[in-house]
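Student: Provided below are the primary sequence and the corresponding predicted coordinates.
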Amino acid sequence: MFSYCADPTTLEGLKWLSCYLTTGKHMSLYWSLGTVLLLLAITAPTALLFGFLGAMSARARFAPLSWIGKTYIAIVRGVPDIAFFLFFVIALDQMFEWTRHKVKCPDWTEPIRQGNDFVVCDAAKLPLGSSPQWVHETYGFSLAVLTFAIVFGAFAANVLFGAMRSVPRAQIETAEAYGMTHHQAFWRILVPQMWIYALPGLSNLWMVLIKATPLLFLLGVEDIVYWARELGGAKLARYSDYAHGDWRMWYFLALLVFYLIFTRISEIALERLTQKLSRGQATTGGEALRKAGA
């Protein structure tokens with residue numbers, strides 16, 4: 001990065017540290033921080049969409065649809081996150097490859113399951129072996145986003161289902177008495193008001209999602225935990241220009257500070273959002289704002 005970094009053996013103090021922190025591997029650490037933030041930016045609205053659809057299904061008047069929604073919520077919430085992440089990603093990847101295999105290689109005669117191996121034709125593999133590295137990384141990241149969204153979508157569905165039931169039923173009945181259809185009352189009366197009831201649960205879920213990002217490491221994505229462990233391990237002079245002892249404690253301490261700062265910023269933003277949504281609502285928070293402004 002800097003011109004004086006050409007010979008690390010001649011460096012000392014801050015110059016050595018500045019060169020050490022700008023090596024190629026440290027740049028990968030900084031990029032992985034962006035990967036975590038991108039995961040959160042994509043997963044949060046996707047999980048909320050899964051949750052909204054799950055909550056709508058759970059409260060549907062059509063019994064089979066209601067059973068599907070409630071089953072989704074119950075099963076995903078009942079399975080440990082790590083077990084679900086390890087199983088679902090493998091199963092999803094194999095399902096995609098099996099589908100492509102049936103379409104692209106109809107003349108294949110060998111069994112796909114060969115002992116512990118899952119064997120498909122080369123044209124069916126995802127991604128293809130000839131694909132560039134960024135395709136492999138994007139595919140792995142996409143599987144991670146989908147898995148996170150399904151897992152946290154089930155928890156969001158449970159929160160939203162409870163929030164929908166918290167909106168006073170009398171308001172829905174009044175809207176229908178004034179001529180609104182059930183569909184109109186749902187979108188114009190229930191949905192706008194349910195968010196204030198759902199926000200405490202969704203806020204907690206957002207914090208859990210932030211803390212769950214290190215699970216990316218289990219999915220094969222090189223996240224900040226992977227690089228902290230990689231860079232913090234002891235480096236000997238014969239293997240590295242920047243030799244040092246076991247610094248993993250300091251790297252993980254930096255991660256601790258990062259997550260604490262991030263969660264604190266989230267708390268401030270969520271508190272302001274709660275105040276905004278509370279205005280005009282017949283809730284404890286809304287009444288407090290009304291009396292404060294009176």
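Tutor: Thanks, I have the structure now.
Student: Is residue 155 part of a helix or strand, or is it coil?
Tutor: Remark: residue 155 carries the secondary structure label helix [criterion: DSSP: H, G, I helix; E, B strand; the rest coil].
Student: is it true that it touches residue 79?
Tutor: No. Under the criterion of C-beta atoms under 8 Å, residue 155 lies out of contact with residue 79, with a separation of 11.9 Å. For every residue, glycine as well, the C-beta is placed using N, CA and C.
Student: Which one of these two is surrounded by more residues?
Tutor: When residue 155 and residue 79 are compared on other C-beta atoms under 10 Å, the one with more neighbours turns out to be residue 155, at 22 against 15.
Student: For residue 230, give me its contacts.
Tutor: residue 25 (C-beta atoms under 8 Å, 6 or more residues apart in numbering).
Student: Okay, buried residues for stretch 105-122 please.
Tutor: Of all the residues in stretch 105-122, those buried under the rule 16 or more other C-beta atoms under 10 Å are 112, 120.
Student: brain fart, stretch 23-40
Tutor: For stretch 23-40, burial by neighbour count (16+ other C-beta under 10 Å) applies to 23, 26, 28, 29, 32, 35, 36, 39, 40.
Student: Can you list the neighbours in contact with it?
Tutor: Outside of stretch 23-40, the residues within contact range by C-beta under 8 Å, 6+ apart are 1, 20, 141, 144-145, 148, 209-210, 213, 216, 221-224, 226-228, 230-231, 242, 258.
Student: Going through these, which ones are buried?
Tutor: 20, 141, 144-145, 148, 209-210, 213, 216, 221-224, 226-228, 231, 242.
Student: Now intersect those residues with the strands, please.
Tutor: Cross-referencing the buried ones among the contacts of stretch 23-40 with the strands (criterion: DSSP state E) gives no overlap at all.
Student: Let me see the ranges of the strands in this protein.
Tutor: Ranges of strands within the chain are 113-114, 117-118, based on DSSP E.
Student: The stretch 1-150 of the chain: helices as residue ranges?
Tutor: With DSSP state H, counting those that start in this stretch applied, the stretch 1-150 of the chain shows helices at 13-20, 24-58, 63-78, 81-104, 133-166, listed in chain order.
Student: Nearest to residue 114 among the ones you listed would be which one?
Tutor: Residue 114 lies closest to helix 81-104 among the helices of the stretch 1-150 of the chain, at 13.1 Å (C-beta to C-beta).
Student: Show me what counts as buried in the closest one.
Tutor: In terms of neighbour count (16+ other C-beta under 10 Å), helix 81-104 has its buried residues at 81, 84, 85, 88, 89, 93, 94, 97, 100, 101.
Student: same for it, what does it pack against?
Tutor: Identification of packing neighbours for helix 81-104 by 3 or more C-beta pairs under 8 Å, 6 or more residues apart in numbering; DSSP states H and E yields helix 133-166.
Student: Taking their axis directions, the helix it packs on and helix 24-58 sit at what angle?
Tutor: Relative orientation of helix 133-166 versus helix 24-58 (axes from the mean of the first three to the mean of the last three C-alpha atoms, to 10 degrees): 40 degrees.
Student: taking the buried ones among the contacts of stretch 23-40 one by one, which sit in helices?
Tutor: In this view, the buried ones among the contacts of stretch 23-40 that belong to helices under DSSP state H are 20, 141, 144, 145, 148, 209, 210, 224, 226, 227, 228, 231.
Student: The second one and residue 220 touch, don't they?
Tutor: In this case it means residue 141. No. Residue 141 is not in contact with residue 220 according to C-beta under 8 Å; the separation is 9.6 Å.
Student: any idea of the pLDDT on residue 282?
Tutor: Per-residue confidence (pLDDT) for residue 282: 57.
Student: try residue 170
Tutor: On the pLDDT scale, residue 170 gets 86.
Student: Could you do residue 288 as well?
Tutor: The predicted local confidence for residue 288 comes out at a pLDDT of 52.
Student: What of residue 250?
Tutor: The model reports residue 250 with a pLDDT of 87.
Student: In space, what's closest to it - neighbours in sequence excluded?
Tutor: Here the nearest residue to residue 250 in space, its sequence neighbours aside, is residue 232; by C-beta to C-beta, 6 or more residues apart in numbering that works out to 6.8 Å.
Student: what's around the one you found, how many residues?
Tutor: A count of neighbours around residue 232, defined by other C-beta under 10 Å, yields 20.
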